[in-house]
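[1] Build me a model:
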Amino acid sequence: MNTIYKAGIFMLLSLLVAGIYITVNDTIPQNTPIQSTQVNQKPENKDDFWTPPTEAQLAEESNAEQIKYGRELIQHTSIYLGPKGKVAKITNGMNCQNCHLDAGTKVWGNNYAAVASTYPKFRERSGATETMAKRVNDCMERSLNGKALDTNGTEMKAILSYINWLGTKVKKGDKPKGSGIYELAFLDRPANPEKGKALYAEKCQSCHQPNGTGLLNETGNEFVYPPLWGKQSYNQGAGLFRLSRFAGFIKTNMPLGASHKITILSDEEAWDIAAFVNSQPRPSKDLSKDWPNIAGKPIDHPLGPFTDGFSEKQHKYGPFQPIKKKKEQLAQQKNS
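    You can find the predicted model right below:
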C-alpha cells in the first residue's frame, strides 16, 4: 500500500511539472527569435529606482486634463505637430517618446525624472541659464528637426505640466536613481562603425529597417519604429548625436525587450552600434551659437573647434579617456 502511495505521488508530481512546462512554453511564440548575445543582469537589478506618479494620483490633480494632453503630445507628437499634424506641421514626424521612452517614464530610457527638479539650470551648450520651456524647444529644433513651440501656447503649457507632474516626488536639486540615460564606461579603443554595421544588420534593422528610415504605421502619420538616420531623423545638434549618450541609451533599452534589469547587448556592442548609426547621413543644423565657451564642450562632442588638441574623429569615436584626462589637466591649470 505504501509503495502504491509513493508511486501515485511521483506520478502526480511528474504531471504537475509537465503541465507547468507546457503552460510556460505555450506563452512563447513559435517564431520568437533567439538572441545570440548573452543576456546580462547589468547595469543594475535593484528596486530603488525612480518611479513615476500613478494614474490614481493624476486623477486627483486639478489640471489633470492638461497633464493628460501633455502626455498625449509626448506619446504622439507627430499626430499633432508632425508633417501631417492636426495642430501644426513643425516637426520631422518622430514622437518625443521615440527618444524619451514610455512617455518619459522608463528607467534610464532618457526619462524626465529629474527635469523639474534641476531646471532652470546653466547649460554650457547655450552659455546661459535655461528654463524647461527652452529645453523642450531644444528637442523640437534638434531631435525633431523642427521649429520651436510658442512658450505661452497650449501645447507647451501642457507638456510642461506633464513633466512637472512626473517630478512631483523628486526634491529640488535631486537626480533620482535611473533618471536620464545610463552612463556607459568608456572603451579603451575607438568605437568601430564597421563592427556596428554588422551588429545593426543582426540586431536592429528588423525594426528600424536596413536603410535606417524606420517604419511608419498604416496611416503614415506616426512611426512604429523611428528613423535612426535620413531626412526624418534627429539632426547633428541633438543630444543623441553624442556617442556616449546614444551608446548609454542603446545599452539599457535596445534591442526591443531590453531594460535596466536585463540588458542584451555588451558594452562594446552598444558603442559600436552607436558609432555606425551616428556615422550615417542626417539633417544638419546651424550650431554656430552653441558652446560659446569652447572649453565647455563635452569630450564626445564631434564637431570642432576644440581647445584640447584632439581631432574631430577622436572626439566622435574615442578613445575618450585621453581627452577626459587632458580636459581635467587644462581645468587644473586654469584654476591654479
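
[2] Residue 183 contacts residue 249, correct?
    No. Residue 183 is beyond contact range of residue 249, at 10.9 Å (criterion: Cβ atoms under 8 Å). Any C-beta I mention is one placed from the backbone N, CA and C, and that applies to glycine too.

[3] more neighbours, those two?
    residue 249 (23 against 13; other Cβ atoms under 10 Å).

[4] Other residues contacting the strand or helix carrying that one?
    Counting by DSSP states H and E, the element that carries residue 249 is helix 243-253. Residues from elsewhere that reach helix 243-253, judged by Cβ atoms under 8 Å, 6 or more residues apart in numbering: 43, 99, 101, 106-110, 181-184, 186, 191, 239-240, 258-260, 263, 265, 267, 270-271, 273-275, 277-278, 298-300, 302, 316-318, 320.

[5] okay, now the domains of the chain?
    The record, using automatic domain parsing to delimit domains, assigns the chain the ranges 60-166, 193-331.

[6] Going by residue numbers, what spans are strands in the stretch 101-250 of the chain?
    Assigned by DSSP state E, counting those that start in this stretch, the strands in the stretch 101-250 of the chain fall at 121-123, 128-130, 215-216, 223-225.

[7] so where does the residue nearest to residue 310 when sequence neighbours are not counted fall, helix or strand?
    Distances taken as Cβ to Cβ, 6 or more residues apart in numbering place residue 323 nearest to residue 310, at 5.2 Å, with adjacent residues excluded. Using DSSP H and E, residue 323 sits within helix 321-335.

[8] chain center to that helix, what's the gap?
    Its chain's average C-alpha position is 29 Å from that of helix 321-335, according to Cα atoms, centre = their mean, to the nearest Å.

[9] And stretch 205-220, by the same measure?
    Centre-to-centre, stretch 205-220 and its host chain are 18 Å apart (Cα atoms, centre = their mean).

[10] So which bits of that stretch are buried?
    For stretch 205-220, the neighbour count (16 or more other Cβ atoms under 10 Å) marks 208, 212-214, 216 as buried.

[11] Using PDB, write out every CA atom in that stretch.
    The C-alpha coordinates for stretch 205-220 follow below in PDB (Å, rounded to 0.1, in the frame of the first residue of the first chain):
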ATOM      1  CA  GLN A 205      17.300  46.600 -38.800                       C
ATOM      2  CA  SER A 206      14.300  44.300 -38.400                       C
ATOM      3  CA  CYS A 207      12.600  47.200 -36.600                       C
ATOM      4  CA  HIS A 208      14.500  50.300 -37.800                       C
ATOM      5  CA  GLN A 209      14.900  48.900 -41.400                       C
ATOM      6  CA  PRO A 210      18.000  48.300 -43.400                       C
ATOM      7  CA  ASN A 211      18.200  51.900 -44.600                       C
ATOM      8  CA  GLY A 212      17.600  53.300 -41.100                       C
ATOM      9  CA  THR A 213      14.500  55.100 -42.100                       C
ATOM     10  CA  GLY A 214      12.200  53.500 -39.600                       C
ATOM     11  CA  LEU A 215       8.700  52.000 -40.100                       C
ATOM     12  CA  LEU A 216       5.500  54.100 -40.400                       C
ATOM     13  CA  ASN A 217       2.100  52.900 -39.300                       C
ATOM     14  CA  GLU A 218      -0.600  52.100 -41.800                       C
ATOM     15  CA  THR A 219      -1.900  55.600 -42.000                       C
ATOM     16  CA  GLY A 220       1.600  57.100 -42.400                       C
END
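
[12] Identify all contacting residues around that stretch.
    Contacts of stretch 205-220 (Cβ under 8 Å, 6+ apart): 84, 201, 222-230, 232-233, 255-256, 277, 280.

[13] Toward the C-terminus from the lowest-mean-pLDDT helix or strand in the chain, list the very next helix or strand.
    Using mean pLDDT, DSSP states H and E, helix 2-26 stands out as the lowest-scoring helix or strand of the chain, at a mean of 38. As assigned by DSSP H and E, the chain's next helix or strand after helix 2-26 is helix 55-59.

[14] Counting by contacts, list what the very next helix or strand once past that following helix packs against.
    The first helix or strand that comes after helix 55-59 along the chain, using DSSP H and E, is helix 64-75. Contact here means 3 or more Cβ pairs under 8 Å, 6 or more residues apart in numbering; DSSP states H and E; on that basis helix 64-75 packs against helix 55-59, helix 77-81, helix 101-104, helix 154-166.

[15] nearest to residue 286, of those helices?
    Ranking those by distance to residue 286, with Cβ to Cβ as the measure, places helix 77-81 first at 21.3 Å.

[16] Let me know the average pLDDT across that closest one.
    In this model, helix 77-81 has a mean pLDDT of 98.

[17] Can you tell me the closest non-neighbouring residue to residue 275?
    The shortest distance from residue 275 to any residue other than its chain neighbours is 3.6 Å, reached at residue 191 (Cβ to Cβ, 6+ apart).

[18] hang on, the earlier thing: among the buried residues of stretch 205-220, which are in helices?
    residue 208 (DSSP state H).

[19] Widest-spaced pair of the buried residues of stretch 205-220?
    Maximum distance among the buried residues of stretch 205-220 (Cβ to Cβ): 13.7 Å, for 212 and 216.

[20] angle of whatever helix or strand residue 273 lives in against helix 243-253?
    Applying DSSP H and E as the criterion places residue 273 in helix 267-277. Our comparison of helix 267-277 with helix 243-253, counting by axes from the mean of the first three to the mean of the last three Cα atoms, to 10 degrees, yields an angle of 120 degrees.
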